[in-house]
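S.K.: build me a model:
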Amino acid sequence: MRVLIVDDEPNIRRTLRVTLEAMGHTVDEASSATAALRRAERQPFDAALLDLRLGDESGLDQIEPLLSQSPRLAIVLITAYASVDTAVEAMRRGAFDYLPKPFTPAQVRGVLERVGQVRGLRDQVAGLTDRVRTELPEVALESSDPRFQRLLELGRTVAASDAAILIRGENGTGKGVLARALHAWSRRSAAPFVTVSCPSLSPELLESDLFGHAKGAFTGAVRETAGKVAAAEGGTLFLDEVGDLPPPLQPKLLRFLQEKCYERVGETKTRAADVRLVAATNRNLEEAVAAGTFREDLLYRLNVVELTLPPLRSRTDLLPLAQHLLAFFAAQTNRRLTGFNPAAQAALSRHTWPGNLRELRNAVERAAILAPGPEIGLTDLPDRIAQGLPSPAPTIEVGRAVSLEQLEIEHIKRILATTASLDEAAQILGIDVSTLYRKRRLYGLSQ
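M.R.: Next up is the predicted model:
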């Protein structure tokens with residue numbers, strides 16, 4: 001871990017540094033509260049050993065400023081003036097633990113091991129909460145498809161580095177699944193994996209979601225927020241559909257990639273972050289660069305290593321993937337489902353799968369629910385797959401018996417399909433970009 005020692009006695013700092021470095025930790029020192037805050041501004045720490053008495057200052061009074069600067073910091077108060085009241089007050093103010101002087105190396109090791117265990121558990125809970133919120137049967141990354149195997153080999157190789165990775169692929173090809181796998185294969189696997197959905201918010205709210213904001217930075221900012229960059233400290237930040245990143249945010253992301261520094265909205269204080277960035281897109285970013293909607297220098301920074309997921313229609317392992325999903329849904333529904341009969345296999349093989357893995361997942365889940373027997377048949381599949389039909393498109397025209405909302409959805413969809421950027425689409429529609437963002441999210445058009 002990265003540990004900050006805050007003590008006004010040079011001998012104590014020297015002894016603690018030797019002890020901590022022998023345990024394999026990275027150590028920095030501060031002789032005063034002011035120096036400690038300056039160091040915490042420049043780089044994040046996992047833990048701080050904070051002396052109770054810093055000259056004329058009280059270590060208790062420094063707990064809250066340090067936690068405000070670094071919300072994930074575990075502060076261990078150290079003092080020769082141990083008392084129950086002081087310990088209780090330290091914990092009330094947010095300290096992680098309390099270490100009375102004189103202490104042994106074994107005691108220091110023990111308290112830092114507890115810090116590591118608690119941080120690991122918190123990260124696991126955060127990851128599991130996120131997984132439960134968006135639970136989908138993730139298709140296994142093992143594959144018999146040669147092109148996919150080469151992609152996974154490259155992914156495992158680059159996961160060991162901290163290079164930025166750009167994952168390309170159509171909607172539904174599993175870009176988010178691959179991003180999680182890259183994190184799991186990396187040295188950062190014990191730290192958080194945090195997702196930012198670039199199309200989901202207006203530019204102003206997206207900047208706050210990404211970098212955080214100060215209290216009072218804008219209407220409704222009743223308290224400060226650390227942001228997802230800070231939440232991903234030590235781990236991986238996944239920018240989903242980065243091609244939709246608003247132009248005003250692109251230079252700020254570029255600076256973060258170059259310098260690993262950023263400012264919260266409403267603050268001038270520069271903060272550092274140790275974060276590995278993985279981005280994904282279903283767009284042709286080179287065309288966006290040519291159209292002037294995406295920065296060329298940002299594309300180069302994001303695209304240090306490129307991984308392109310093939311569409312499902314070009315993969316040779318479709319039936320094994322369907323079988324894997326069927327086993328998942330059989331277990332979920334507590335049914336005995338053995339596989340697909342020849343007619344169903346033929347239908348699955350000839351379908352073009354415009355929705356890729358997401359469409360396959362939905363088709364198999366439906367079949368698992370409807371199938372009367374242990375084997376999936378042709379009639380258990382959706383009609384467009386069983387009969388080889390194209391995906392149905394609703395006929396919505398002005399003057400027909402359709403609602404105004406349906407007309408609006410169709411009109412926005414068509415404008416988005418024929419424009420190069422959201423700014424252009426919003427201009428044609430006669431609304432501002434933030435309104436278009438909200439409507440896309442409301443109508444499920446963000447993909």
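S.K.: and residue 332, what element?
M.R.: Element membership of residue 332 [criterion: DSSP states H and E] is helix 318-333.
S.K.: in that helix, which residues are buried?
M.R.: Under the neighbour-count criterion of 16 or more other C-beta atoms under 10 Å, helix 318-333 has 318, 320, 321, 322, 323, 324, 325, 326, 327, 328, 329, 330 buried. All C-beta spots, glycine's among them, are computed from the backbone N, C-alpha and C.
S.K.: quick one, phi/psi of the closest residue to the second one other than its chain neighbours?
M.R.: The reference is to residue 320. Nearest-residue entry for residue 320: residue 144, 6.5 Å, with adjacent residues in sequence omitted and distances by C-beta to C-beta, 6 or more residues apart in numbering. Backbone geometry at residue 144, expressed as degrees, to the nearest 10, gives phi -90, psi -10.
S.K.: for residue 144, list the residues it contacts.
M.R.: Contact analysis of residue 144 by C-beta atoms under 8 Å, 6 or more residues apart in numbering lists 316, 317, 320.
S.K.: just confirm the first one contacts residue 149, I think it does.
M.R.: No. Shown here, residue 316 and residue 149 do not form a contact pair, counting by C-beta atoms under 8 Å, at 10.5 Å.
S.K.: what's the neighbour count on the nearest residue to residue 180 once chain neighbours are set aside?
M.R.: Spatial nearest neighbour of residue 180, excluding adjacent residues (C-beta to C-beta, 6+ apart): residue 193 at 6.1 Å. Counted by other C-beta atoms under 10 Å, the residues lying close to residue 193 total 24.
S.K.: how is the protein divided into domains?
M.R.: In terms of domains, the chain is parsed into 2-119, 146-310, 313-386, 404-442 (source: automatic domain parsing).
S.K.: could I get those as TSV with mean pLDDT?
M.R.: Converted to TSV, the domains of the chain look like this (pLDDT from 0 to 100):
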stretch	mean pLDDT
domain 2-119	84
domain 146-310	90
domain 313-386	91
domain 404-442	79
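S.K.: tell me which residues of stretch 3-22 are tucked away?
M.R.: Those would be 3, 4, 5, 6, 7, 8, 12, 13, 16, 17, 19, 20, for stretch 3-22 by 16+ other C-beta under 10 Å.
S.K.: what's in contact with it?
M.R.: Under C-beta under 8 Å, 6+ apart, the answer for stretch 3-22 is 25-33, 35-36, 39-40, 45-51, 53-55, 59, 62, 78, 105, 108, 112.
S.K.: out of the residues you listed, which sit inside helices?
M.R.: 33, 35, 36, 39, 40, 62, 105, 108, 112 (DSSP state H).
S.K.: could you flag which of those are buried?
M.R.: Buried members of these, counted by 16+ other C-beta under 10 Å: 33, 35, 36, 39, 40, 62, 108, 112.
S.K.: nearest spatial neighbour of the second one, skipping sequence neighbours?
M.R.: The spatially closest residue to residue 35, leaving aside those adjacent along the chain, is residue 6, at 7.9 Å (C-beta to C-beta, 6+ apart).
S.K.: the first one now?
M.R.: Distances taken as C-beta to C-beta, 6+ apart place residue 62 nearest to residue 33, at 4.4 Å, with adjacent residues excluded.
S.K.: how close does the one you found sit to residue 35?
M.R.: 11 Å (C-beta to C-beta, to the nearest Å).
S.K.: now render the ones in helices among the contacts of stretch 3-22 as CSV, adding distance to residue 273.
M.R.: Shown next, in CSV, are the ones in helices among the contacts of stretch 3-22 (distance: C-beta to C-beta, whole Å):
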residue, distance to residue 273
33, 23
35, 21
36, 19
39, 15
40, 13
62, 22
105, 31
108, 27
112, 22
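S.K.: kind regards, and thank you for your time.
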